[in-house]
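1. Please work out how this folds:
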Amino acid sequence: MKIAVLGSTGRTGRLLVARSLARGHDVVALARRPEQVGPHPAGSLRVARADVGDPGSVRAAVEGADVVLSGLGVTGKQDPAILVDGAREVASAGVRVIWLASLGMGGTEGALGAVGGALVRRVLRREWDAKRISGRTVREAGGTAVHAGPLTDRPYRGGGRLLRAGAFGPRAIPPRASREGVAALMVAEAETPCFVDEDTVALFDGR
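-> As a prediction, this is how the structure comes out:
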């Protein structure tokens, strides 16, 4: 399978690349700065220069891919609109997309209860609309949004699963999610699609 990774230089994006290579897939790492893509000693990896702010560059880079995995995120003072631009670019490419999203936002609004949801909305107000629009864009194109709680760098030793968002009951304390585990679940969904055109929640060890 040929997998394209959007946001490949981020902390989760790097793990998406590594997991895809470890599973034996051909990988195209999309990066605004290709020199920032870390070395990978094994596997079939190609790096493509692409920028969600440059219309057409992402679509050209994912041409021929079977699926796009997105670890695209917003850091520092970046404009959250890059999430919307990225979603629209990959959605228009005619390739299935598996999109990393945040629990409690977009298609999982309400998952953290009234108080928790209001707090998340206040803290992440800059990203709120962009998260909602980008996730909806991916779903409407037949993709899958994978919503994760606070991400950790804990090693993944199995025990993860995706749950349909509608089956996730509101929780005041969001379940933490291993970045490595989220990457594993996203690659598994690429290999065996189970949640086409759906919002899902990443859960680990029964949490």
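
2. Excluding chain neighbours, what is closest to residue 36?
-> Using CB to CB, 6 or more residues apart in numbering and skipping the chain neighbours, the partner closest in space to residue 36 is residue 9 (4.4 Å). Using the backbone N, CA and C atoms, a C-beta is placed for each residue, glycine as well.

3. quick one: buried residues of the longest helix along the chain?
-> Taking DSSP state H as the criterion, the chain has its longest helix at helix 125-140. By neighbour count on 16 or more other CB atoms under 10 Å, the buried set for helix 125-140 is 127, 128, 130, 131, 132, 133, 134, 135, 136, 137, 138, 139.

4. was I right about the second one contacting residue 121?
-> Spelled out, it's residue 128. Yes. With contact defined as CB atoms under 8 Å, residue 128 counts as touching residue 121 (5.8 Å).

5. who touches both of these two?
-> residue 105 (CB atoms under 8 Å, 6 or more residues apart in numbering).

6. Show the contacting residues for residue 127.
-> Neighbour list for residue 127: 74, 80, 83, 102, 105 [criterion: CB under 8 Å, 6+ apart].

7. Recalculate using a threshold of 10 Å.
-> 73, 74, 78, 80, 81, 83, 102, 105, 106, 120, 121, 134 (CB atoms under 10 Å, 6 or more residues apart in numbering).

8. Which one (most neighbours) among those residues?
-> Counting neighbours by other CB atoms under 10 Å, residue 134 leads the contacts of residue 127 with 29 neighbours.

9. what about residue 4, which SS state?
-> For residue 4, the assignment made with DSSP: H, G, I helix; E, B strand; the rest coil gives strand.

10. Measure how buried it is and give me the count.
-> Neighbours around residue 4, by other CB under 10 Å: 29.

11. all helices of this protein, in order?
-> Using DSSP H, helices in the chain cover 11-22, 57-61, 81-91, 113-123, 125-140, 179-191.

12. ok so, going back, among the buried residues of helix 125-140, which one lies nearest to residue 68?
-> residue 138 (9.4 Å; CB to CB).

13. Skip the chain neighbours and tell me the closest residue to the residue of the chain most remote from its centre.
-> If you look at how far each residue of the chain sits from its centre, by CA atoms, centre = their mean, the farthest one is residue 115, at 25.7 Å. Spatial nearest neighbour of residue 115, chain neighbours left out: residue 172 (6.7 Å); criterion: CB to CB, 6+ apart.
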